[in-house]
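**Q** Build me a structure from this.
(one chain, ligands or ions: 1)
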Amino acid sequence: MLMNPIGRRRFLAASLATSLSPWISARADDAGPRVLGLALLGLGDYSANQLAPALMKTKHVKLRGIVTGSPEKIPVWQEKYQIPDGNVYNYENFDRIVDNKEIDIVYIVTPTGLHAEYAIRAAKAGKHVICEKPMAPTVEDCTRMIEAAKAAGVTLQMGYRLHWDPFHLHFMECARDGRFGAWKSISAANGYRVTNFGGNNRWRISRDLGVAGALYDVGVYAVQGQLYTAGQLPVRVTATRNTERPEIFTEVPETYEWVLEFADGRKADGMSSYGRNGHWLRAEMEKGPMELAPSYGYGGQKGFTPAGPMDFQHVPQQTLQMDGQALAILKKEASKVPGEMGRRDIFVIRGIMAAAESGKAHEFGSFPG
Ligand code: NAD
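**A** All right, here's what the predicted structure looks like:
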């Protein structure tokens, strides 16, 4: 694709930084391919209904442990997944996992506000870390996580499942390899009209645990889509935030809208919301439009390019993701989704928040790393 030299240099530098640095110090044991053991930390909806079932089908990684603050879940999980007593931890005794040779990876699946604490404790216990999106509340938290992993000689990867989805992989390729010319504009939205914020959804609208509500929880997918379509980093952002149900959204805004601007003036607009529906990733290419809609679910993607409709089989995203992540560890290869990528996305999201708060354009300046 066409990319101006500054944009290209910035993107290449960022890509190198995001792809290489955590691996330079990757642990130098584990000679041949083998099956890695994984412990899920946080046994809520995503662990119970997506990750644990997906781990029944993975080849290179198996569910061998759990970390939970809910004692009533322990017998259920132990029986369902044959987890021995010695591989069950709570949040107080979890650091003892350092002595457990059966666990190689800890997968952090708690509310966002707790990711940094648990990822750092897991790394200090010598375990490779997979962290759910969005990475952590602040860029500084992300840096502490990255440094903890480096210091411990373990890897830190994000749970960005769409990097194993054929619809998204094809979209990335088409946006970037020039077959449809350069992109002219990008649009991405991820929003749901949520009416029940009780139970498990409560933390999503709390500032401590959910940080900025929909923008963090689901908006991170729109930002990801914008960046992997653009193939370069933005220089500035303008944004607005809006709340139509103030009785529910007392700590975080209901909706954010933003426009990323790139060095050559091209733009990518974005939306995330708990009040409005919208699930798309679109790019206007020189040779016509391409689109994924719906775009970010565990399946059900539909899409087209100027060449016609996309025709892929839907895949078990989380199974491919965790197998891919385990293989990267086993082969000591660069992750497609390193912690640096998670930090880059938080940097962009914090810029969106700053622009919405000030009402002025926010200049990104140098990206971290
Ligand atoms: P959930 O509320 O269902 O589960 C959260 C778990 O964390 C619960 O088991 C809860 O007991 C535990 N927890 C520990 N300390 C807690 C505390 N102080 N307050 C509240 N809960 C606490 O949420 P979820 O939907 O399973 O989301 C968990 C993580 O997974 C989040 O980071 C979320 O963004 C991510 N997620 C990712 C995807 C994806 O598509 N990759 C999808 C859903 C959720």
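
**Q** if I pick the residue in the chain positioned nearest to the ligand, what's in contact with it?
**A** Of all residues in the chain, the one sitting closest to the ligand is residue 44 (1.7 Å; Cβ to the nearest ligand atom). The way it works is simple: take the backbone N, C-alpha and C, and place the C-beta from them, glycine included. By Cβ atoms under 8 Å, 6 or more residues apart in numbering, the residues touching residue 44 are 109-110, 200.

**Q** Who wins on neighbours among those?
**A** Most neighbours among the contacts of residue 44, by other Cβ atoms under 10 Å: residue 109, with 25 neighbours.

**Q** What separation do you get for that residue and residue 68?
**A** Relative to residue 68, residue 109 is positioned 10 Å away (Cβ to Cβ, to the nearest Å).

**Q** sorry, back to before: quick one: the contacts of residue 44 as TSV, columns for secondary structure, distance to the ligand and pLDDT too.
**A** Converted to TSV, the contacts of residue 44 look like this (DSSP: H, G, I helix; E, B strand; the rest coil; distance: Cβ to the nearest ligand atom, whole Å; pLDDT from 0 to 100):
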residue	secondary structure	distance to the ligand	pLDDT
109	coil	5	98
110	coil	4	98
200	helix	4	83
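
**Q** Would you mind listing the residues touching both of residue 109 and residue 68?
**A** What both residue 109 and residue 68 touch, as defined by Cβ under 8 Å, 6+ apart, is the set 41-43.

**Q** Now do the helices for the stretch 51-200 of the chain: every range, in order, please.
**A** 52-55, 73-81, 115-124, 139-152, 166-176 (DSSP state H, counting those that start in this stretch).

**Q** Who are the packing partners of the third one?
**A** Going back to what we said before, that points to helix 115-124. In terms of contacts (3 or more Cβ pairs under 8 Å, 6 or more residues apart in numbering; DSSP states H and E), helix 115-124 is packed against strand 105-108, strand 128-131, helix 139-152.

**Q** Of the ones you listed, which stretch is the most buried?
**A** Across those, averaging neighbours per residue (mean count of other Cβ atoms under 10 Å) puts strand 128-131 on top, at a mean of 29.

**Q** Just the C-alphas of that one, formatted as CSV.
**A** C-alpha atoms of strand 128-131 as CSV (Å, rounded to 0.1, in the frame of the first residue of the first chain):
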residue,chain,number,x,y,z
HIS,A,128,4.4,-16.8,30.8
VAL,A,129,1.4,-14.5,30.8
ILE,A,130,-1.6,-14.1,28.5
CYS,A,131,-3.6,-11.0,29.4
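
**Q** quick one: contacts of it?
**A** Against strand 128-131 from outside (Cβ under 8 Å, 6+ apart): 27, 36, 38, 104-108, 115, 119, 122-123, 145, 149, 154-159, 322, 325, 329, 339, 342.

**Q** Would you mind listing what in the stretch 151-300 of the chain touches the ligand?
**A** For the stretch 151-300 of the chain, the residues in contact with the ligand (Cβ under 6 Å from any ligand atom) are 159, 161, 200, 203, 209, 217.

**Q** Report the buried members of the residues you listed.
**A** Using 16 or more other Cβ atoms under 10 Å as the burial test, these include 159, 161, 203, 209, 217 as buried.

**Q** Packing partners of the helix or strand hosting the fourth one?
**A** For residue 209, the host element (DSSP states H and E) is helix 207-210. Helices and strands touching helix 207-210, by 3+ Cβ pairs under 8 Å, 6+ apart: there are none.

**Q** now the helices for the stretch 251-369 of the chain?
**A** With DSSP H, counting those that start in this stretch as the criterion, the stretch 251-369 of the chain has helices spanning 317-331, 339-358.

**Q** export those helices to a markdown table and tack on mean pLDDT, mean neighbour count and distance to the ligand?
**A** Formatted as a markdown table, the helices of the stretch 251-369 of the chain follow (pLDDT from 0 to 100; neighbours: other Cβ atoms under 10 Å; distance: least, Cβ to the nearest ligand atom, whole Å):
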| stretch | mean pLDDT | mean neighbour count | distance to the ligand |
| --- | --- | --- | --- |
| helix 317-331 | 98 | 21 | 8 |
| helix 339-358 | 98 | 23 | 11 |
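
**Q** Can you tell me which of those is nearest to residue 306?
**A** helix 317-331 (25.8 Å; Cβ to Cβ).

**Q** What helices and strands are in contact with that closest one?
**A** So helix 317-331, by 3+ Cβ pairs under 8 Å, 6+ apart, packs with strand 36-41, helix 52-55, strand 61-67, strand 105-108, strand 128-131.

**Q** and the angle from that helix to helix 166-176?
**A** For helix 317-331 against helix 166-176, the angle between stretch directions is 70 degrees (axes from the mean of the first three to the mean of the last three Cα atoms, to 10 degrees).

**Q** hmm, who's touching helix 317-331?
**A** 26, 30, 33-36, 38, 50-51, 54-55, 57-61, 104-105, 107, 128, 130, 155, 157, 159-165, 298-299, 333-337.
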